[in-house]
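# Curious how this folds, go ahead:
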Amino acid sequence: MSQTFASLKYRNYRWWVSGALVASVGTWMQRVAQDWLVLTELSNDSGVAIGITTALQFAPALFFSAWAGALADRVDRRKLLYITQGAQGILAAVLGWLVLAGIAELWHVYVLAFLLGIASAFDAPVRQVFVSELVPRDRLANAVGLNSATFNTARLIGPGVAGLLIAAVGTGWVFIINALSFVATLLALYRINTAQMFREERAKEGRGGTIRDGIEYVKNRTDIIVIFAVVGVVSTFGLNFQLTSALMARIEFGRGAGEYGVLGSVLAIGSLAGALMAARRERPRVRLVIGSAFAFGITTGLLALMPSYPLFVIASIPVGFASLTMLTAANATLQLSTAPAMRGRVMSLYMIVFLGATPVGSPLVGWVGEYVGPRWSIGVGSVSALLVALWALWWTRRRWGVEVHYSLRTSPRLQVVHPPTPGDPASTEAA
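Next up, the predicted model:
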């Protein structure tokens, strides 16, 4: 088995990643259907309404993720996932019933989006760290990369299928199909052999198991702070693809649900390529997070300038590649460099930064798209990503003494010299 797919030789991981693929396809279908329902049936093409829906869905991450991370460091993660995955399936079924019954209103979507956000806030941190119990430590970076590849395979399939189903049978059945997809993860959790899990030191109540300990740990790790800052800014203003794609497809290019779904699938082509490339890296580093954030700023700037729908579709591919490279590198770097007893809380704080930024950014980006123009809803993300990447580069050079050397006469041509990161004695990287 090639290095890219090395983690698949572990039975428990195969079960989990297979179930996650099915459920992720359903989740992406619901995201497309939910935005289309709000935009075309429950509002008058309102970008603000989509922004509010997105904000409500991700706002709970700000309030509950830290507690979810502390919980993930104490309880059986597998049992907790039974609850969070099951809850998400039930909420999808309720929304589907409301739409099929013809009684769905905008406030129903708002309420269910908020409840789904609560379930997701508890699900995300434990789902991130659960992977570390399915493979040995030396395969963790590979497993994180394959997780992202699975997620983006679903992202490749889900939006396109959702667009076709919306056009054929309406949004209601899309929500019902998503509800059924969660059976796959519940079955996978049931089939996991607990005797073959790779369990590490866990925190206990009264002994290093508090949220405050997690915050203090992060405060003393400048590498983690840089990752949080870069991902937080890019997530707030740039990672609003469902919203910006809906505005561009519907308003700028005058397209329908099918073409909107295609945008999400094509974006995932680049994302999948980025995830598979990340799976080959044994030790991602902070520099990759910064560099891919800068690339994201460049590619989204070009995306906003595309004059036609076909060119916009093509330009989405490098955007997906840059964004997924950044997110996968951030995730793997955090998990590999964090003490096992603190991993749940650190990842929960990362989820607050990553998902919790959306309630701030989505309404703002939606307002920009509605009142300034859909292209500018992408442009604000481009400018923000470039600025935070340049800041991070300046900060690391000033505080860490990072040096970048480039020469056409020597090989390798690019060298990044930096102080060793925790658990990594290497100080020189070549590219």
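# for T300, what are its contacts?
G238, V319, I378, G379, G381, S382, A385 (C-beta atoms under 8 Å, 6 or more residues apart in numbering). Any C-beta I mention is one placed from the backbone N, CA and C, and that applies to glycine too.
# Pull the most distant pair out of those.
Farthest-apart pair in these is V319 and G379; separation 12.9 Å (C-beta to C-beta).
# just to revisit the earlier point, let's have the contacts of T300 in TSV, adding secondary structure and distance to L303.
Compiled in TSV, these are given as follows (DSSP: H, G, I helix; E, B strand; the rest coil; distance: C-beta to C-beta, whole Å):
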residue	secondary structure	distance to L303
G238	coil	11
V319	helix	5
I378	helix	6
G379	helix	9
G381	helix	9
S382	helix	8
A385	helix	12
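# Where is pLDDT lowest across these?
When the contacts of T300 are compared by pLDDT, G238 scores lowest at 88.
# Name all residues that make contact with the closest residue in space to that residue that isn't next to it in sequence.
Leaving aside its chain neighbours, G238 sits nearest to G381 (3.0 Å; criterion: C-beta to C-beta, 6 or more residues apart in numbering). G381 sits next to V234, F237, G238, L239, N240, T244, G297, T300, V365 when contact means C-beta under 8 Å, 6+ apart.
# V319 and G379: which is more packed in?
Higher neighbour count among V319 and G379: V319, with 26 against 20, using other C-beta atoms under 10 Å.
# check contacts around the most centrally placed residue in the chain.
For the chain, the residue nearest the mean C-alpha position is L327 (6.8 Å; C-alpha atoms, centre = their mean). For L327, the contact set (C-beta under 8 Å, 6+ apart) comprises S148, V231, F354.
# same thing but at 7 Å, please
By C-beta atoms under 7 Å, 6 or more residues apart in numbering, L327 lies in contact with S148.
# cool, V94 as well?
V94 makes contact with L112, according to C-beta under 7 Å, 6+ apart.
# Quick check: next helix or strand after the helix or strand where it lies?
Assessed by DSSP states H and E, V94 sits inside helix 77-100. Next helix or strand after helix 77-100 toward the C-terminus (DSSP H and E): helix 106-130.
# In that next one, which residues are buried?
106, 109-110, 112-130 (16 or more other C-beta atoms under 10 Å).
# Packing partners of that helix?
Judged by 3 or more C-beta pairs under 7 Å, 6 or more residues apart in numbering; DSSP states H and E, helix 106-130 is in contact with helix 47-58, helix 60-72, helix 77-100, helix 343-356.
# What residues does G47 make contact with?
Per C-beta under 7 Å, 6+ apart, neighbours of G47: L243, L247, G366, G369, E370.
# Can you add distance to A195 and mean pLDDT and give the helices and strands packed on helix 106-130 back as a markdown table?
Conversion of the helices and strands packed on helix 106-130 to a markdown table gives the following (distance: least, C-beta to C-beta, whole Å; pLDDT from 0 to 100):
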| stretch | distance to A195 | mean pLDDT |
| --- | --- | --- |
| helix 47-58 | 37 | 81 |
| helix 60-72 | 21 | 78 |
| helix 77-100 | 13 | 94 |
| helix 343-356 | 22 | 78 |
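# Just send the ones you listed back as JSON lines, with distance to L8 too.
Shown next, in JSON lines, are the helices and strands packed on helix 106-130 (distance: least, C-beta to C-beta, whole Å):
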{"stretch": "helix 47-58", "distance to L8": "31"}
{"stretch": "helix 60-72", "distance to L8": "24"}
{"stretch": "helix 77-100", "distance to L8": "20"}
{"stretch": "helix 343-356", "distance to L8": "22"}
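# So which bits of the helix or strand that S148 is a member of are buried?
With secondary structure defined by DSSP H and E, S148 is part of helix 140-169. Within helix 140-169, the residues scored as buried using 16+ other C-beta under 10 Å are 140-163, 165-166.
# Which strands or helices does it pack on?
helix 11-36, helix 171-191, helix 257-279, helix 309-337.
# Now do the third one: distance to the chain's middle.
Averaging C-alpha coordinates over helix 257-279 and over its chain gives two centres that are 13 Å apart (C-alpha atoms, centre = their mean, to the nearest Å).
# What's the mean pLDDT across it?
Here the average pLDDT along helix 257-279 is 75.
# Likewise for the shortest one?
Averaging pLDDT along helix 171-191 gives 94.
# what does stretch 389-397 give?
Stretch 389-397 shows a mean pLDDT of 88.
# In PDB, could you pull the C-alpha coordinates for that stretch?
Listed next in PDB are the C-alpha coordinates belonging to stretch 389-397 (Å, rounded to 0.1, in the frame of the first residue of the first chain):
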ATOM      1  CA  ALA A 389      -0.200  35.700   5.700                       C
ATOM      2  CA  LEU A 390       2.200  38.600   5.300                       C
ATOM      3  CA  TRP A 391       1.700  39.500   9.000                       C
ATOM      4  CA  ALA A 392       2.500  35.900  10.000                       C
ATOM      5  CA  LEU A 393       5.600  35.800   7.800                       C
ATOM      6  CA  TRP A 394       6.800  39.100   9.400                       C
ATOM      7  CA  TRP A 395       6.000  37.900  12.900                       C
ATOM      8  CA  THR A 396       7.800  34.600  12.500                       C
ATOM      9  CA  ARG A 397      10.900  36.200  11.000                       C
END
